[in-house]
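Engineer: 3D model of this:
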Amino acid sequence: MIVVLSVVAGSLESTMTEDLSPAERYAAARKRAVEQATALASFREMYDFGLDPFQIEACQALEAGKGVLVAAPTGSGKTIVGEFAVHLALQQGKKCFYTTPIKALSNQKYADLARRYGAEKVGLLTGDNSVNSDAPVVVMTTEVLRNMLYAGSQTLLGLGYVVMDEVHYLSDRFRGAVWEEVIIHLPESVTLVSLSATVSNAEEFGDWLDTVRGDTQVIVSEHRPVPLFQHVLAGRRMYDLFEEGEGYKKAVNPDLARLARMEATRPSFQDRRRGRMREADRERERRQRSRVWTPGRPEVIERLDAEGLLPAITFIFSRAACEAAVQQCLYAGLRLNDDEARLEVRALVEERTSSIPAEDLHVLGYYEWLEGLERGIAAHHAGMLPTFKEVVEELFVRGLVKAVFATETLALGINMPARSVVLEKLVKWNGEQHADITPGEYTQLTGRAGRRGIDVEGHAVVLWQRGISPEHLAGLAGTRTYPLRSSFKPSYNMAVNLVEQFGRHRSRELLETSFAQFQADKSVVGISRQVQRNEEGLEGYKASMTCHLGDFEEYARLRRDLKDRETELAKQGAAQRRAEAAVALEKLKPGDVIHVPTGKFAGLALVLDPGLPAGRSNGHRGFEHHDGPRPLVLTAERQVKRLASIDFPVPVEALERMRIPKSFNPRSPQSRRDLASALRTKAGHIVPDRHRKKRAEAADDREIARLRTALRAHPCHGCSDREDHARWAERYHRLLRDTSQLERRIEGRTNTIARTFDRIVALLTELDYLRGDEVTEHGKRLARLYGELDLLASECLRAGVWEGLAPAELAACVSALVYEARVGDDALAPKVPSGKAKAALGEMVRIWGRLDALEEDFRISQTEGVGQREPDLGFAWAAYEWASGKGLDEVLREADMPAGDFVRWCKQVIDVLGQISAAAPASGAGSTVAKNARKAVDGLLRGVVAYSSVG
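Structural biologist: A predicted model of the protein is given here:
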């Protein structure tokens, strides 16, 4: 189709040229000659397909010396623009840095560029690999470039272009600040190429780039080169989501809407049991159920295979469910590869895993994994060994794996497109609760469907679930964009690096140029308008509550004061009851049988662990609702849960004692079942004492009595329209309160980033990291420590906490700076090494407690993403064992952790150990820490942790 159009265009151009005068033909010929002499012309010759209009527009802007922001859908080819920046740099004798958010994407891009330009011209820098770092083109993670900028690296000399792929990552609340740091601190001479998913506020982001980087052209493309069709699979039928038709606004398929309505009116399970159905209703439901159900995973793959819609990625928001899906397909006898493909798969897998010892392969579940691959089926998630994930990606791209069950992490970056994408559900766990996926997440996931140059169309398939709303799904599918929101926050490391380079005043000015402040300043305009509208409304409400008998505003204030006092007393009573409950909890011992009076865990429970998890300390900010012991209990219903004083409205006492077997494992369903059964047998007959409620405090409170007397004596109390006036007064009060909040938001959003920076600088000055514009010796050490717990690491070095530790013990301590458990704290206290390591970990927690209190004094809030979280000791034992040379089988079994997670945490520990070895003194007091940090790296960087690939 494209070729035909170009031929027609060429014929038309020839016809038009014939109609021109000789002078006009000469001018046209000169114009063509100029175009052919451009860098873009030679670049286009490198590809066997024509560039899209948005790609040409962006490349022309780059060649004209402008920065560009390209916002386009996944799979549309926006990386072509980044590769043109590489082409320009090589042609002009300059350097180009190509940054990506994740190491897997860096490896992939390095391999692509090395194939195109030659390995001698391309380098790679990630936390794991350093290859040809002095090359004119270097692919790196964004953090590596940030660290270079702060260190003033010589590698930056001659830098002409920086490509920031997936720049929308700056919304990421954990890592997003790095993107803004790089954009702000890059030298003015560097041309910036920003590549983003389609975002709804690309123009706003472009305005900011124009402000901080100079002339920047924004190119937005909504066009997908491979059209995407949306479906819902219900039973045996594949419904189109949209009705066929032209135009931007598409109507929902009426057949699908009708199905949803029929399902919504279908009697519930309880109604069917109670016999509340007529025979005709039962017959209709039987017919309907024969057509509508949620298809099983093997059934879905077979259906897609039959309709020619493989290869497919099925997104499941659970690692365990991804593995279970592969097993279900294997048990169902599903085979997607012929014998020739099976042999090809086996040969490639054996080649890629040849460096892994046979005993480790067994531990990693290699043979079960290989069986799935040979059949063309695989899982893909962060819990897998990186080598295994890379093999799955390679086989999928080659067409040797045709069905992948993946978590959403697969959608974030790596080039692994499919013909079809399947979504099992439209709800996922967001870390706090199950929530609907957003339009942006839906676009990111389904954007993998449709392979450019292979497929003529892509397909997104959502599986039918009871309660699904076709209109809601259409909204997700129709909203192709999501807003880019800054997550930028200053950190301790950032503060000392900025002050060292620019001084305090200039650093403050730089931070005020962040995208976060840019967005905050723009939002103030809208809030100010809302304040003006509210003030007009307040005047109206004030007039409506006017009473001819007296000052109703004064009367309303008395009513509010009375209500507030009653609420305050109720809270005080609840707090006192919680305090009494906390005192009672302190007396519990392992083996005590207690009764939980209320809540979802009400009933008998056996105390397994009476205290706090290791590393927790009472009284620190962030744990207000968990002060005092938090006993870990086993309920009679076999659930293991950590309770708090808030679960006990009355003091608790031991009803009975039981012995807990030494072999009891709270993670084992059989162990829980056996002990819960023993609990019911031992104490099931006990009836706990009922505590009588105390007399309400409000009944005796003098302030409440005074307010009630004043209320009855007020002239407005006798007004016949009193309650009507009161309703207007309540509206007035609510609107006044809302207006005050808006005014505080205006005040709070003005110079917010700079004010946070001021607080951080004040705290660092208190700790002698800064003295005015001078960075002290301690500050220079902090400047070399990057990470969430940068200040804690620096304070531990300063206090000599890690001196005298063996390398494996040091690895255990450093793990507490990086590790964060995936689940809550409803588990036993983590196992930690004994001796010096245990003492050092305890000292780290004590230092954190001091910093936590200091942050509270300086109003530095962890809830706002600034400050030091509590160190997590959950990986200390695994890091210690692995660094001590223990085998993979033993370490993984004791850690109860997937291999991929284990490798990832080890590599993060290695990264911080490298920073510590650079920041610690090279000689004199404390120099053993630097040496042992390097030895700890050697101890960790072995076996599965050392397996990595480039490209």
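Engineer: in the biggest helix by length in the chain, what's buried?
Structural biologist: The residue-count maximum for a helix in the chain (DSSP state H) belongs to helix 552-585. Buried residues in helix 552-585, counting neighbours by 16 or more other Cβ atoms under 10 Å, are found at 552-553, 555-556, 558-559, 561-562, 565-566, 569, 577-578, 580-582, 584-585. C-beta here means a position set from N, CA and C on the backbone, and glycine is covered the same way.
Engineer: can you check stretch 49-65 too?
Structural biologist: Buried residues in stretch 49-65, counted by 16+ other Cβ under 10 Å: 51-52, 54-63.
Engineer: Check stretch 296-304 too.
Structural biologist: 297-302, 304.
Engineer: before we move on, the earlier item: show me which pair in the buried residues of stretch 49-65 is furthest apart.
Structural biologist: D52 and E63 (16.7 Å; Cβ to Cβ).
Engineer: was I right about E864 contacting P490?
Structural biologist: No: the criterion here is Cβ atoms under 8 Å, and E864 misses it with P490 at 10.6 Å.
Engineer: Who has more neighbours out of the two?
Structural biologist: P490 (27 against 11; other Cβ atoms under 10 Å).
Engineer: State the distance from the more buried one to I313.
Structural biologist: Distance of P490 to I313, computed by Cβ to Cβ, to the nearest Å: 39 Å.
Engineer: any idea which residue sits dead centre in this structure?
Structural biologist: D172 (6.4 Å; Cα atoms, centre = their mean).
Engineer: Leaving aside the residues adjacent along the chain, what's closest to that one?
Structural biologist: Leaving aside its sequence neighbours, D172 sits nearest to S487 (Cβ to Cβ, 6 or more residues apart in numbering; 6.2 Å).
Engineer: With T99 instead?
Structural biologist: T99 sits nearest to T142 (Cβ to Cβ, 6+ apart), 4.7 Å away.
Engineer: residue contacts, that neighbour?
Structural biologist: 99-101, 164, 169, 175, 178-179, 182 (Cβ atoms under 8 Å, 6 or more residues apart in numbering).
Engineer: coming back round to it: and the residue nearest to D172, what does it touch?
Structural biologist: For S487, the contact set (Cβ under 8 Å, 6+ apart) comprises 170-174, 176-177, 516, 865.
Engineer: which one of the residues you listed is nearest L195?
Structural biologist: For the contacts of S487, the nearest to L195 is L170 (12.3 Å; Cβ to Cβ).
Engineer: so that closest one touches F488, yeah?
Structural biologist: Yes: using Cβ under 8 Å, L170 is in contact with F488, at 7.5 Å.
Engineer: got any residues that touch both of these two?
Structural biologist: The contact sets of L170 and F488 overlap at 176-177, 180, 515 (Cβ under 8 Å, 6+ apart).
Engineer: and the least confident of those?
Structural biologist: When the shared contacts of L170 and F488 are compared on pLDDT, G176 comes out lowest, with 82.
Engineer: For that one, the count of nearby residues, please.
Structural biologist: 24.
Engineer: what's the closest non-adjacent residue to it?
Structural biologist: In space, G176 is closest to S487, 3.6 Å off (Cβ to Cβ, 6+ apart).
Engineer: And that neighbour, how far from E181?
Structural biologist: 12 Å.
Engineer: Just the mean pLDDT for the host helix or strand of Y442, thanks.
Structural biologist: For Y442, the enclosing helix or strand under DSSP states H and E is helix 439-446. Helix 439-446 shows a mean pLDDT of 80.
Engineer: can you check stretch 303-316 too?
Structural biologist: Here the average pLDDT along stretch 303-316 is 92.
Engineer: which of the residues in that stretch are buried?
Structural biologist: 304-305, 309-316.
Engineer: Then stretch 201-214?
Structural biologist: So, applying 16+ other Cβ under 10 Å, buried residues of stretch 201-214: 201-202, 204-210, 212-213.
Engineer: returning to what we had before: who touches both of E864 and P490?
Structural biologist: Contacts common to E864 and P490, judged by Cβ under 8 Å, 6+ apart, are T756.
Engineer: and the chain, what are its domains?
Structural biologist: 20-220, 228-254+294-478, 756-946 (automatic domain parsing).
Engineer: What helix or strand is the nearest residue to G684 once chain neighbours are set aside located in?
Structural biologist: Among residues not flanking G684 along the chain, L604 sits closest, at 7.0 Å (Cβ to Cβ, 6+ apart). Here L604, judged by DSSP H and E, is contained in strand 603-609.
Engineer: Leaving aside the residues adjacent along the chain, what's closest to L558?
Structural biologist: Take L558 and drop its neighbours on the chain: the residue closest to it by Cβ to Cβ, 6+ apart is L711, 5.0 Å away.
Engineer: mind checking which helix or strand that neighbour is in?
Structural biologist: Per DSSP H and E: helix 702-713 holds L711.
Engineer: Show me what that helix is packed up against.
Structural biologist: Helix 702-713 is packed against helix 552-585, with contacts defined by 3 or more Cβ pairs under 8 Å, 6 or more residues apart in numbering; DSSP states H and E.
Engineer: okay, the angle between the helix it packs on and helix 702-713?
Structural biologist: 160 degrees (axes from the mean of the first three to the mean of the last three Cα atoms, to 10 degrees).
Engineer: Check which helices and strands helix 552-585 sits against.
Structural biologist: With contacts taken as 3+ Cβ pairs under 8 Å, 6+ apart, helix 552-585 sits against helix 702-713, helix 722-749.
Engineer: Just the angle for the helix or strand just after it relative to helix 552-585, thanks.
Structural biologist: On the C-terminal side of helix 552-585, the nearest following helix or strand under DSSP H and E is strand 592-596. Computed by the same axes, to 10 degrees, the angle separating strand 592-596 from helix 552-585 equals 160 degrees.
Engineer: Mind jotting down where the helices sit in the stretch 201-350 of the chain?
Structural biologist: 202-213, 254-265, 269-273, 279-291, 297-306, 319-331, 339-352 (DSSP state H, counting those that start in this stretch).
Engineer: Only the buried residues of the longest one, if you could.
Structural biologist: Read that as helix 339-352. Buried-residue list, helix 339-352, by 16+ other Cβ under 10 Å: 341-342, 344-345, 348-349, 352.
Engineer: now for that helix, which elements pack on it?
Structural biologist: Where contact means 3+ Cβ pairs under 8 Å, 6+ apart, helix 339-352 is packed against helix 366-374, helix 386-398.
Engineer: Highest mean neighbour count out of those helices?
Structural biologist: Sort the helices and strands packed on helix 339-352 by mean neighbour count, taking mean count of other Cβ atoms under 10 Å, and helix 386-398 sits at the top with a mean of 21.
Engineer: can I get the CA coordinates of that helix in CSV?
Structural biologist: Taking Å, rounded to 0.1, in the frame of the first residue of the first chain, the C-alpha atoms of helix 386-398 are listed here in CSV:
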residue,chain,number,x,y,z
PRO,A,386,17.6,-13.0,34.5
THR,A,387,19.2,-15.6,32.2
PHE,A,388,15.9,-17.5,32.1
LYS,A,389,14.0,-14.3,31.3
GLU,A,390,16.4,-13.4,28.5
VAL,A,391,16.0,-16.8,26.9
VAL,A,392,12.2,-16.5,27.0
GLU,A,393,12.5,-13.1,25.3
GLU,A,394,14.8,-14.4,22.6
LEU,A,395,12.6,-17.5,21.9
PHE,A,396,9.5,-15.3,21.8
VAL,A,397,11.0,-12.9,19.3
ARG,A,398,12.2,-15.9,17.1
